[in-house]
Each structure stands twice: as structure tokens, then as C-alpha cells.
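> Could you look at this predicted model? Sequence included:
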Amino acid sequence: MGVRGSGRKPLPTALKVLRGERRSARLNHQEPRPPGGAVHKPSGLSRGAARVWDEFAPIARDMHTLTAADVAAFAVLCELQAMFEQLAARKGSQRERDALRRLAAALRPYYGLFGLEPSSRSRIHVATAEKPVSKWDGLLG
């Protein structure tokens, strides 16, 4: 018996449509869509987290995994990464090494959310904008 939330995550509706799902009951017609537009760095980030944002945000934007709806979660990722880097630079006592392991465990799901690790990229499905089809498409070749 699993815990709540265990098991497969549901497929995005856009992917179900692309795969040819015909049963309307299996499609979520009210699936929320993130707002479009530019993503801006939050003003409350620490200095280290702002540096991490500047490093990771362009990558996540180019992969289309960072939208305006994801700014808060991405800010948490940046703060955790900044703390991890700061603590890793010290390499101190056993207590600090344990804290480093806990930070690494806390970072892992955030990397997965934004496709920042190779194994998570295969599980992420990004909706692509559909091009309008012209009646002249395919006429000349």
C-alpha cells in the first residue's frame, strides 16, 4: 500500500491530445495554463541566490520549464543552492557535513521540477505552441 501521491504522475492534457486520446472524460478541459510573458527575478533574493538565479534561470527559460507561475519555487531552488554552495565551501565538522547532505536531499526535487538533471528531463513534458495550419501547406513540396 503506497502513500498519498505515490505512483505515476498524470500526463499533461496536451500530451494526451498529441497521443490521440479520444475519450473526452480522460482529458482535463479545465487544466490551468501558466501565464505567458517575461519572468523577473524576485527582489527578496539573497546575494548568493541572485547569482544562482542569473546562472540557472536562462537555462530553465530556454527549456520552457520556468514560467511566471514558477517564480516562487525557482526562488526556493536558488536559495537552497546558494546555501549548499556556501556550506560546501567550508567543509567543516561532521555536523556541517550532515547539514550538507540534508540540503542536497532538499535540492533534488527542485532540480527535477525544472529539468536541471538529466534523469528528470525524460519525465518532463513541455507544451509547445501549435503553429496555425494554412490551406496551402504541403502544396509545393
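Looks like it arrived, so ask away.
> all helices for this protein, in order.
Here the chain has its helices, by DSSP state H, at 13-18, 47-62, 71-90, 94-113, 118-121.
> buried sites along the first one?
What that stands for is helix 13-18. For helix 13-18, the buried set under the neighbour-count rule, 16 or more other CB atoms under 10 Å, comprises 13, 14, 16. C-beta coordinates here come from the backbone N, C-alpha and C atoms, glycine included.
> any idea how far the second one lies from residue 33?
Using CB to CB, to the nearest Å, one gets 9 Å for the distance from residue 14 to residue 33.
> Kindly report the same for residue 74.
Relative to residue 33, residue 74 is positioned 18 Å away (CB to CB).
> So which of these two has more stuff around it?
With neighbours defined as other CB atoms under 10 Å, residue 74 and residue 33 compare such that residue 74 has more, 24 against 10.
> Quick check on the closest residue to the more buried one other than its chain neighbours: phi, psi?
Spatially, and ignoring its direct neighbours in sequence, residue 74 is nearest to residue 66 (5.8 Å; CB to CB, 6 or more residues apart in numbering). Residue 66 adopts backbone torsions of phi -120, psi 120, taken as degrees, to the nearest 10.
> shift numbering so it begins at 751
Sounds good: first residue 751 from here, last item residue 816.
> on that earlier part again, check the helices of the chain for me: which has the lowest mean pLDDT.
Mean pLDDT across these is lowest at helix 868-871; the value there is a mean of 65.
> Number of residues surrounding the closest residue to residue 863 other than its chain neighbours?
Closest residue in space to residue 863, ignoring its immediate chain neighbours: residue 823 at 6.4 Å, by CB to CB, 6+ apart. Residue 823 has 14 neighbours, counted by other CB under 10 Å.
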